[in-house]
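> curious how this folds, go ahead:
(one chain, ligands or ions: 1)
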Amino acid sequence: MRRRRDRQRHHRRGAQLSRFDVLIIGTGHAGVAAAIHLRQAGFAGSVALLGEETELPYERPPLSKDYLAGAKARDDFRFRSADFYAERGIELIPGERVKTVDPEARSVRCASGRTITFGELVWTAGGRARRLPGAHAIRTLADVDALKDELASASRVLIVGGGWIGLEAAAAIVKQGKKVVLAEREERLLARCSGRALSDFLAARHRAEGVDIRFGGPSPDPADFDLVIAGIGIEPEAGPLLAAGAEGGDGVAVDELGRTSLPHVWAAGDVALHCNPFGPDRPIRVESVQHATDQAACLAKAIAGDPRPYAAMPWFWSNQFDLKLQTVGLSHDHDEELVRGDPASGRFSILYRRAGKVIALDCVNMVRDYVQGRLLIERGTRVAPDRLTDPDLPLKTLVD
Ligand SMILES: Cc1cc2nc3c(=O)[nH]c(=O)nc-3n(C[C@H](O)[C@H](O)[C@H](O)COP(=O)(O)OP(=O)(O)OC[C@H]3O[C@@H](n4cnc5c(N)ncnc54)[C@H](O)[C@@H]3O)c2cc1C
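Numbers count the residues shown, from 1 in each chain. From the prediction side, this is the model:
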């Protein structure tokens, strides 16, 4: 009761506070999860969630799916209400962008000139969409609001990039009766993250739905379109931490608890360069809701005094047309790709193996394989390829 009163007092004073026991930078999936898990773990100190966006924190996946398609309204995908944060003494500080971090003074300085000091700093600043001149991006609610404003009167749309976001946008927009050209500079879709079988399947399905997919260069002339969207990946927002001396490069390096090389500075989510227990033998970044949420939960528990190494099974999903795509595990450095079931049926899975072990599955409308496949990955069972690809053998029966 006392703890709750204290938190509420902190909240009332929050607008003036210039020091927080835990200052979280970034109000996306990782930042919000960190704040909530701190409280769930019983952390009673002051907590602030600071971000440059002015919106009440929201989920990103609907931006390229239901929100772009018009099936969800703006307020349908907020993580929590403003009251939720207030009741837990989580101070929201919107509209502030951190420019510099001073690890010795334990302070951050914002673009507005405001300086805030911290006991622990949690850096969950995600990534910034790579932009092309004159093209829309799909990273923030503001991006998609601007895009939808123009889309209403557009009839020819060019999407640059055949990754998950480009494909989801193509599916949402072609369904609105627009002419959609999707330009991918590689020779196949999802070249960065999935195998050939899924690329080929998705290319065929998008073409059947009316998306004009063009591989290789040169990209079509943007002047021939009413609207251009770039879905060409993100740059991790690590600059202020790297400038302050944190180790990293393509992101901020963290250990198994989420600690950076700077004392009292932690990081999680899209920005975190980490050794994933299910990934290859080198640090990687993982861009998914699961990773952002689970890694942030891990560091929050560690701050609250319950340190346990990050060991969550990676998973990811995407929806395009009536396709429910689900991925479990990480397919980096796979040396074999096995197709289970018939892609022509619209229900199949792809199993990725490395050195004979299943390391990941991409499942298309195959929830059962997705659920059971994680066991194969967890146990590292070696199974003969002809048994793995036999759709009549449930995957759970192949596990030791
Ligand atoms: C359109 C879209 C669809 C997606 N769909 C899926 C999906 O279907 N499934 C899935 O698993 N994943 C999906 N993802 C990926 C997933 O949303 C991300 O992995 C997740 O948002 C990462 O969370 P994060 O908290 O690390 O970063 P972010 O969500 O990027 O949040 C970072 C926040 O920090 C703020 N910030 C950045 N720099 C600063 C600064 N210097 N000062 C203050 N604030 C700052 C940003 O404004 C942002 O609000 C999708 C992503 C997008 C963009």
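
> show me where the stretch 101-250 of the chain has its helices.
141-151, 164-174, 196-208, 239-243 (DSSP state H, counting those that start in this stretch).

> just the residues contacting the longest helix anywhere in the chain, thanks.
Counting by DSSP state H, the longest helix found in the chain is helix 289-303. The contact list for helix 289-303 (Cβ atoms under 8 Å, 6 or more residues apart in numbering) reads 22, 28-31, 33-38, 40-41, 43, 59-61, 120, 122, 124, 126, 257-259, 266-270, 272, 274, 307-310, 312, 314-316. C-beta: built from backbone N, CA, C; applies to glycine.

> out of the residues you listed, which touch the ligand?
28, 29, 30, 31, 60, 61, 124, 126, 269, 270, 316 (Cβ under 6 Å from any ligand atom).

> quick check: the farthest pair among those residues?
31 and 316 (19.6 Å; Cβ to Cβ).

> re the thing from before, I'd like to know which elements the following helix or strand past the longest helix of the chain is packed against.
Downstream of helix 289-303, the next assigned helix or strand under DSSP states H and E is strand 315-320. Counting contacts by 3 or more Cβ pairs under 8 Å, 6 or more residues apart in numbering; DSSP states H and E, strand 315-320 packs against helix 164-174, helix 196-208, helix 289-303, strand 323-329.

> so which bits of stretch 43-55 are buried?
By 16 or more other Cβ atoms under 10 Å, the buried positions in stretch 43-55 come out as 43, 44, 45, 46, 47, 48, 49, 50, 51, 52, 53.

> what do you get for stretch 144-157?
Neighbour count says stretch 144-157 has 144, 147, 151, 154, 157 buried, by 16+ other Cβ under 10 Å.

> just the pLDDT for the closest residue to the fourth one other than its chain neighbours.
Taking Cβ to Cβ, 6 or more residues apart in numbering as the measure, residue 154 lies nearest to residue 226, with 3.7 Å between them; neighbours along the chain are not counted. Reported pLDDT at residue 226 in the predicted model: 98.

> now do the same contact list for the residue in the stretch 201-350 of the chain positioned nearest to the ligand.
Using Cβ to the nearest ligand atom, the single residue of the stretch 201-350 of the chain nearest to the ligand is residue 269, 2.2 Å away. If a contact means Cβ under 8 Å, 6+ apart, then residue 269 has 26, 28, 29, 30, 31, 124, 126, 291, 292, 295, 296 as its contacts.

> kindly report the same for residue 179.
So residue 179 contacts 155, 156, 157, 210, 212 (Cβ under 8 Å, 6+ apart).

> how much space is there between the first one and residue 180?
Put plainly, it is residue 155. Distance, residue 155 to residue 180, using Cβ to Cβ, to the nearest Å: 10 Å.

> then the third one?
Residue 157 sits 5 Å away from residue 180 when distances are taken as Cβ to Cβ.

> excluding covalently adjacent residues, which one is nearest to the most centrally placed residue in the chain?
Closest residue to the average C-alpha location of the chain: residue 288 at 3.0 Å, with Cα atoms, centre = their mean. The shortest distance from residue 288 to any non-neighbouring residue, by Cβ to Cβ, 6+ apart, is to residue 316 (4.5 Å).

> could you check how many residues crowd around the one you found?
As a burial measure, residue 316 scores 21 neighbours (other Cβ atoms under 10 Å).

> hmm, it is touching residue 329, no?
No: the pair residue 316 / residue 329 is not scored as a contact, 9.7 Å apart, by Cβ atoms under 8 Å.

> thinking again about what came up before, show the pLDDT at the residue nearest to residue 288.
pLDDT, residue 316: 97.

> enumerate every residue touching residue 372.
394, 395, 396, 399.

> give me the residue from the stretch 51-200 of the chain nearest the ligand.
residue 126 (2.2 Å).

> what does that residue show for phi and psi?
phi 60, psi -130 (degrees, to the nearest 10).

> and this protein, which residues reach the ligand?
Going by Cβ under 6 Å from any ligand atom, the residues of the chain near the ligand are 25-31, 51-53, 60-61, 63-64, 97-98, 124-127, 138-139, 165, 237, 269-271, 287-290, 292, 316-318.

> which of the residues you listed are buried?
Among the residues of the chain next to the ligand, those scoring as buried are 25-31, 51-53, 60-61, 63-64, 98, 124-127, 138-139, 165, 237, 269-271, 287-290, 292, 316-318 (criterion: 16+ other Cβ under 10 Å).

> tell me how many other residues surround residue 214.
Count around residue 214 with other Cβ under 10 Å applied: 15.

> leaving out sequence neighbours, find the closest residue to residue 332.
residue 280 is the one closest to residue 332 (Cβ to Cβ, 6+ apart), at 4.5 Å.

> what sits against the one you found?
Per Cβ under 8 Å, 6+ apart, neighbours of residue 280: 330, 332, 333.

> wait, the first one touches residue 359, no?
Yes: the pair residue 330 / residue 359 is scored as a contact, 6.7 Å apart, by Cβ under 8 Å.

> any shared contact partners between those two?
residue 278.

> which helix or strand lies directly C-terminal to the helix or strand bottoming out on mean pLDDT in the chain?
Sorted by mean pLDDT, DSSP states H and E, the helices and strands of the chain end with helix 2-13, the least confident at a mean of 42. Remark: after helix 2-13, the chain's next helix or strand is strand 19-25, criterion DSSP H and E.

> pLDDT weak spots in this structure?
1-17 (pLDDT under 70).
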